[in-house]
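Q: Coordinates for the following, if possible.
(one chain, ligands or ions: 1)
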Amino acid sequence: MRRKVIAGNWKMNNDLKETQNLLSRLTSGISVNNLNCDVIVCPAFTSLFEAYTLLKDTKIKLGAQNMYFETSGAFTGEISAAMLKSVGCEYVILGHSERRNIFGETDELINNKIKKANASGLKPIFCVGELLEEREAGITEKVIEKQIRSGLKDISSEEMGNMIIAYEPVWAIGTGKTASPEQAEEVHKFIRSLINDKCGASISENIIIQYGGSVNNKNARELLSQKDIDGALIGGASLKADSFIDIIQAT
Ligand code: PGA
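A: Predicted structure coming up:
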């Protein structure tokens, strides 16, 4: 049985005060040491240390939204894996579609980041997903296969055991359009088969594959009840304590 993993991707929202308010509503709204699933929050870089301080005595885990693959040096504006670890991060989202499509991140860059995160003891939440025109052209599986194969190039089976994959159809992110549970399940099953080809049954049966894209407290239960959907990566609905708590409870 895979344990469900619910992650909140706050994106470029919440300054320090707003972070304190949201986390205080979250930690007072659920039983933080008795969660029935794993819960991760991914605030902006500037709020990570504060979030770590506020969450350190709870079971809620901390993740960052991005990092760079170099260790240190002249990379203005970038953040290293060691810096994230030093402020208490356990996870890092890599390959999010906004990084790919707005900031031009390539599969190769994402692969380098995944390698560095693994080598540094951070657990990557590796995002893949097709654009609307790719789905309409019937090439969803081809796109996902390329993202998975290139993103996970030279990643060992042992490292795979450390990772989460998030399937986020780009047309469903922040649009209010969710993939139907059947559409999502179909791609999740396909991703699991790719992992099976790469690393065998034991890793593929155990790897967590989250769904993301307009998940909310109304559609979460049905999505999360699909066989291969092991959790959710949540943007908009993670910014309100009530809706995030409802989704956690839907597990
Ligand atoms: P959304 O974002 O829930 O607002 O669609 C999900 C994501 O981008 O991770």
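Q: Look at Val92 and tell me its secondary structure.
A: Three-state call for Val92 (DSSP: H, G, I helix; E, B strand; the rest coil): strand.
Q: ok, stretch 85-92 near the ligand or not?
A: No - using C-beta under 6 Å from any ligand atom, stretch 85-92 stays clear of the ligand, coming no nearer than 13.1 Å. C-betas here are computed from N, CA, C, even on glycine.
Q: how long is that stretch end to end?
A: 10 Å (C-alpha to C-alpha, to the nearest Å).
Q: Check which residues of that stretch are buried.
A: Lys85, Val87, Cys89, Tyr91, Val92 (16 or more other C-beta atoms under 10 Å).
Q: tell me the two of these that are most distant?
A: Largest separation among the buried residues of stretch 85-92 by C-beta to C-beta: Val87 and Tyr91, giving 12.6 Å.
Q: Tell me how many other residues crowd the closest residue to the ligand within the chain.
A: The ligand sits closest to Gly235 of the chain, with a gap of 2.3 Å, by C-beta to the nearest ligand atom. Gly235 has 21 neighbouring residues, counting by other C-beta atoms under 10 Å.
Q: How about the contacts made by it?
A: Gly235 makes contacts with Asn9, Trp10, Lys11, Ile173, Gly174, Gly212, as judged by C-beta atoms under 8 Å, 6 or more residues apart in numbering.
Q: Buried only: go through these for me.
A: Asn9, Trp10, Lys11, Ile173, Gly212.
Q: Give me the phi and psi for the last one.
A: By that I understand Gly212. phi -140, psi 150 (degrees, to the nearest 10).
Q: Does it touch Ala232 like I think?
A: Yes - the criterion here is C-beta atoms under 8 Å, and Gly212 meets it with Ala232 at 6.3 Å.
Q: All set now, cheers.
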